[in-house]
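Visitor: Quick one, structure for this:
(one chain, ligands or ions: 1)
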Amino acid sequence: MFSDEIYSRINFSETVNTVALTTVADAEKVLSNGHFDISTLPILLSAAAADYLEDMAQIAVQRTRERFGNTVLLYAPLYLSNECSNSCLYCGFSLINKDIHRRTLALSEVEREFIAIQKAGIKHILLVSGEHPAKVNLEYLKEALQIGHTYAASLGIEIYPLETEGYKLLSNSGAETLTIYQETYEERRYGEVHPAGRKKDFFWRLSAPDRAGEAGFRGIGVGSLLGLNENTAADVYFAALHADYLRSRYWRTSINISLPRLKYAANGFNTYAVSDAEYVQYILALRLVLGDVGITLSTREESSLRNNLIGLGITQMSAASKTEPGGYSDEYSGQSGATPQFQVEDSRSVEEVTLMLKSKGIEGLIKDNWRLDFS
Ligand code: SF4
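Guide: The predicted structure follows:
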C-alpha cells in the first residue's frame with residue numbers, strides 16, 4: 001500500500017522545507033544534468049526553478065511527443081448526482097449547503113445524458129457523483145455502466161472510495177478507469193477541510209487507488225486539488241509520489257495524474273492562489289519526472305491556458321463539460337434544476353476544442369485506445 005510503503009516514510013513538512021531551501025544552483029544542476037526522476041521533483045517544483053520554464057518546456061515537448069505521440073484524449077464527465085453525505089468545506093455539493101438544488105438522475109435520465117454526450121462527439125465518459133452511497137449505490141452504478149456501453153467506447157468512474165470487492169464489481173461491469181483525488185496529501189490540512197462524513201478518514205481515501213489496482217482497473221487517476229493547501233508544491237510532489245508508486249506497483253494499469261485548480265470555492269472558503277506560471281511549472285515538472293504517466297487537464301482552466309498547455313505534457317482533457325446532473329440533455333440544457341459542482345471556465349464545444357488541437361498539430365482522440373497499448 002502507498003500509505004505504508006511511501007507515505008509513512010516521507011514527511012510533508014520536510015518536503016515543504018526541501019522545496020523552500022532549493023537554490024538556483026540546484027535547479028541549474030538538475031536541468032543541465034538532464035536526468036529527471038522523482039527525487040529531483042522538489043527542485044523542479046521550487047521557486048528557484050521558476051526562471052527555467054523555457055528550458056523545462058523544451059524537454060517536456062520532446063518527451064510528450066516521444067511517449068504519447070501527437071494525440072490528446074477528449075472525455076466528458078457525466079454527473080449522476082449532486083447529493084452528498086460529506087461536508088467538504090470548499091465544495092458546493094457539501095451537506096452543509098442546505099439551499100442548493102439536489103438531484104440524482106433516474107436511469108432513464110442517465111441514458112439521455114449518454115445520448116447527448118455521444119451526439120456532442122465524445123466517447124470516453126466518466127461517471128461522476130457526490131458521495132452518497134444510499135442514493136448512488138453499487139447496483140445503480142452497475143446499471144448506469146450497462147446503459148453506457150451502448151453509447152460510449154470506454155467508461156470511467158469518479159465516485160466515493162469502495163472496498164476492493166466493490167471496485168471488482170464495477171470493473172467487471174465495464175468501468176475501465178477510476179479517478180480519485182486525495183485533495184491534499186497533508187493529513188492535518190485534510191482534517192481541517194473535511195470535518196465530517198466518511199471522507200474525513202484520510203487513509204481510507206489514500207488507500208483507494210491501491211484497492212482499485214488490486215481490483216484490476218486498467219486505468220487509475222490520482223491528484224491534488226490545488227488551492228486547498230498553502231504548500232502547493234509539496235502537494236504536487238506527494239501526488240506525483242502516489243502516481244509513481246502506482247505505476248510500478250500495478251504495471252499493467254495506466255496511471256494518470258491531474259492538478260485541478262480551485263480558484264473560486266463555495267461557502268466563502270478561502271483558497272490559496274496558484275498563479276498560471278506556477279501551474280505551468282507544475283505540469284512541466286510532472287512531465288519531466290513522470291515520463292509515461294498521463295496528465296489530465298480539466299475545464300476548470302480557461303481556454304487560453306488550456307491552449308498553451310497543449311503539447312507540454314497534457315494527454316487527456318475534458319471538453320464541453322457540464323458539472324450538474326442532467327446538464328447535457330437537450331430538454332434540460334441550462335435548466336437541469338440542479339446546482340453544478342463548479343463553474344466551467346472553458347465552455348467550447350468538442351468541435352472547437354478539436355479544431356484548436358488540430359491547429360497545433362495534435363489529434364483529438366474521442367475514444368481511448370488503451371486496448372492497442374496492451375494488445
Ligand atoms: S468534494 Fe466530493 S465528497 Fe466533498 S462535498 Fe463535494 S461532492 Fe461531496
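Visitor: Would you mind listing what in the stretch 51-200 of the chain touches the ligand?
Guide: 84, 86, 88, 91, 93-94, 130-131, 199 (CB under 6 Å from any ligand atom). Every residue, glycine included, has its C-beta placed from N, CA and C.
Visitor: Mind checking which of these are buried?
Guide: Neighbour counting by 16 or more other CB atoms under 10 Å classes 84, 86, 88, 91, 93-94, 130-131, 199 among those as buried.
Visitor: could those go into CSV alongside distance to residue 229, pLDDT and secondary structure?
Guide: Formatted as CSV, those follow (distance: CB to CB, whole Å; pLDDT from 0 to 100; DSSP: H, G, I helix; E, B strand; the rest coil):
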residue, distance to residue 229, pLDDT, secondary structure
84, 21, 97, coil
86, 18, 97, coil
88, 14, 96, coil
91, 15, 94, coil
93, 20, 94, coil
94, 18, 95, coil
130, 22, 96, coil
131, 21, 96, coil
199, 16, 98, helix
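Visitor: helices or strands up against the longest strand along the chain?
Guide: Longest strand of the chain, by residue count under DSSP state E: strand 71-81. Using 3 or more CB pairs under 8 Å, 6 or more residues apart in numbering; DSSP states H and E, the elements in contact with strand 71-81 are helix 107-120, strand 124-129, helix 138-151, strand 316-318, helix 350-359, strand 363-365.
Visitor: For that strand, what does the pLDDT average out to?
Guide: Per-residue pLDDT over strand 71-81 has a mean of 97.
Visitor: ok and it relative to helix 350-359, angle-wise?
Guide: Orientation of strand 71-81 against helix 350-359 (axes from the mean of the first three to the mean of the last three CA atoms, to 10 degrees) gives an angle of 160 degrees.
Visitor: picking that back up, compare the helices and strands packed on strand 71-81 and report which one is nearest to residue 174.
Guide: Proximity to residue 174 (CB to CB) singles out helix 138-151 among the helices and strands packed on strand 71-81, at 4.8 Å.
Visitor: one step back: tell me the two of the buried ones among the residues of the stretch 51-200 of the chain next to the ligand that are most distant?
Guide: The distance between the two most remote of these (CB to CB) is 11.4 Å, for 93 and 199.
Visitor: From residue 58, how far out is the residue in the stretch 251-375 of the chain positioned nearest to the ligand?
Guide: The stretch 251-375 of the chain approaches the ligand most closely through residue 341 (6.5 Å), counting by CB to the nearest ligand atom. Relative to residue 58, residue 341 is positioned 36 Å away (CB to CB, to the nearest Å).
Visitor: do residue 116 as well
Guide: Applying CB to CB to residue 116 and residue 58 gives a distance of 41 Å.
Visitor: Same drill for these two, tell me which one is more crowded.
Guide: residue 116 (22 against 12; other CB atoms under 10 Å).
Visitor: Report the spatially closest residue to that one, excluding sequence-adjacent ones.
Guide: Once flanking residues are discounted, residue 116 sits nearest to residue 328: 3.7 Å by CB to CB, 6 or more residues apart in numbering.
Visitor: show me what contacts the one you found?
Guide: 76, 78, 112-113, 116-117, 120, 322 (CB atoms under 8 Å, 6 or more residues apart in numbering).
Visitor: That one in helix, strand or coil?
Guide: Following DSSP: H, G, I helix; E, B strand; the rest coil, we place residue 328 in the coil state.
Visitor: What separation do you get for it and residue 175?
Guide: As for residue 328, its distance to residue 175 is 20 Å (criterion: CB to CB).
Visitor: can you list the helices and strands packed on strand 71-81 in a markdown table and add distance to residue 241 and mean pLDDT?
Guide: Below are those laid out as a markdown table (distance: least, CB to CB, whole Å; pLDDT from 0 to 100):
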| stretch | distance to residue 241 | mean pLDDT |
| --- | --- | --- |
| helix 107-120 | 34 | 96 |
| strand 124-129 | 24 | 97 |
| helix 138-151 | 29 | 98 |
| strand 316-318 | 21 | 95 |
| helix 350-359 | 30 | 96 |
| strand 363-365 | 28 | 93 |
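Visitor: Can you add distance to residue 242 and give these back as TSV?
Guide: Output for those, formatted as TSV (distance: least, CB to CB, whole Å):
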stretch	distance to residue 242
helix 107-120	29
strand 124-129	19
helix 138-151	24
strand 316-318	17
helix 350-359	28
strand 363-365	25
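Visitor: What's the first helix or strand after the longest helix seen in the chain?
Guide: Ordering each helix of the chain by length in residues (DSSP state H) puts helix 232-249 first. Sequence-wise, the next helix or strand downstream of helix 232-249 (DSSP states H and E) is strand 254-258.
Visitor: list the contacts for the most centrally placed residue in the chain?
Guide: Closest residue to the average C-alpha location of the chain: residue 258 at 3.9 Å, with CA atoms, centre = their mean. By CB under 8 Å, 6+ apart, the residues touching residue 258 are 179, 181, 221-223, 295-298.
Visitor: Just name the closest of those to residue 98, please.
Guide: residue 181 (25.5 Å).
Visitor: and the closest one, that's in a helix?
Guide: No: the assignment for residue 181 (three-state DSSP) gives coil, which keeps it out of a helix.
Visitor: That one - how many residues pack around it?
Guide: Residues near residue 181, counting by other CB under 10 Å: 18.
Visitor: Tabulate the contacts of residue 258 in CSV, adding columns for secondary structure and pLDDT.
Guide: Formatted as CSV, the contacts of residue 258 follow (DSSP: H, G, I helix; E, B strand; the rest coil; pLDDT from 0 to 100):
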residue, secondary structure, pLDDT
179, strand, 98
181, coil, 98
221, strand, 98
222, strand, 98
223, strand, 98
295, strand, 98
296, strand, 97
297, strand, 96
298, coil, 90
